[in-house]
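Peer 1: make a model of this:
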Amino acid sequence: MKIKEVAEALERFAPLPLQESYDNAGLQIGLTDADASGVLLCLDVTEEIIEEAEREGCNLIIAHHPLLFRGLKCIADRNLVERCVRRAILAGITIYAAHTNLDNAEGGVNFAIAERLGLQNVSFLQPLPSGQGGSGIIGDLPHPLPALEFLHLVKQAFHVEALQHNLPLTRMVSRVALCGGSGDFLLGDALKHNADAFLTGEMGYHQFFGYDNQILIAALGHYQSEQFTVQLMARILRNANPDLRIVETKVNTNPIHYL
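Peer 2: Below you'll find the model as predicted:
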């Protein structure tokens, strides 16, 4: 299977036009006409990830977060991005990113998060005008839960070290809105859709104010919210070509640690 065919399989599931205007999903580094010796799937590209790809004999890395998000005027070794670019090129490794296009796709990252929580009757929280994709998800828990039980469910489902949240609601949680990563821009949509809880990876400090007993807000960490994206990408690629050699990274690239 050619590298470009691997990319095409992902893009059939999550077309690049679904990405946000600020994003840089798609081909990052390298050539796509070569046969894929193996594909390493990860959330972030780091030097340790490239080393893992070399060790595993993978000439393609597919990451959720783009390595190249802003333009480079120099490729040296002054920072992580420059070092990764140099090392990937020297090793002949192609790097591809499936980012907000995968977030916004039907069955994409946010649907995978909803699946972890067992949400039912799911739909896009902010659908695109075309109806083909959208931002965030809203759905229903199988059974209403007290707010604290819902928070414990989130901690357990995502193996979260620390969960940020506002004061728990006094009513039950039934309808849940969510968005992986930095989804705080969707809080207003969650309120409009009468969600009992809004779950995302990151929330600004001031956005926790003013919603006590109106909506439960919880932030579980950017990495933690998207950690199952690797398995999602693996499922997409295995469905496209069962013979493709796929390696799911064993490297935890979360740069945030808890003491």
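
Peer 1: quick one: residues contacting the most centrally placed residue in the chain.
Peer 2: Centroid-nearest residue in the chain, with Cα atoms, centre = their mean: Glu226, separated by 3.9 Å. By Cβ atoms under 8 Å, 6 or more residues apart in numbering, the residues touching Glu226 are Leu43, His64, Val109, Gly180, Gly181, Gly201. Placement of C-beta: from N, CA and C, glycine included.

Peer 1: number of residues surrounding the fourth one?
Peer 2: I take that to be Gly180. Residue neighbour count, defined by other Cβ atoms under 10 Å, stands at 28 for Gly180.

Peer 1: tell me the pLDDT at it?
Peer 2: Gly180 is assigned 97 on the pLDDT scale.

Peer 1: out of everything not next to it in sequence, what's closest to it?
Peer 2: Excluding its sequence neighbours, the residue lying closest to Gly180 (Cβ to Cβ, 6 or more residues apart in numbering) is Ser225, at 4.3 Å.

Peer 1: the one you found - that's part of a strand, no?
Peer 2: No. Read with DSSP: H, G, I helix; E, B strand; the rest coil, Ser225 is helix and lies in no strand.

Peer 1: I'd like the contacts of Glu226 as TSV, with distance to Arg87 and secondary structure appended.
Peer 2: Below are the contacts of Glu226 laid out as TSV (distance: Cβ to Cβ, whole Å; DSSP: H, G, I helix; E, B strand; the rest coil):
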residue	distance to Arg87	secondary structure
Leu43	18	coil
His64	20	coil
Val109	27	helix
Gly180	28	coil
Gly181	26	coil
Gly201	28	coil
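
Peer 1: the stretch 1-150 of the chain: helices as residue ranges?
Peer 2: 3-13, 47-56, 80-91, 100-103, 109-117, 147-158 (DSSP state H, counting those that start in this stretch).

Peer 1: any idea how far the last one is from the chain center?
Peer 2: Mean-position distance between helix 147-158 and its chain equals 20 Å (Cα atoms, centre = their mean, to the nearest Å).

Peer 1: got the angle for that helix vs helix 109-117?
Peer 2: Orientation check (axes from the mean of the first three to the mean of the last three Cα atoms, to 10 degrees): helix 147-158 against helix 109-117 gives 110 degrees.

Peer 1: contact partners of helix 147-158?
Peer 2: Residues contacting helix 147-158 (Cβ under 8 Å, 6+ apart): 116-117, 141, 145, 160, 163, 165, 168-173, 176, 197, 199, 216, 218, 220, 224-225, 227.
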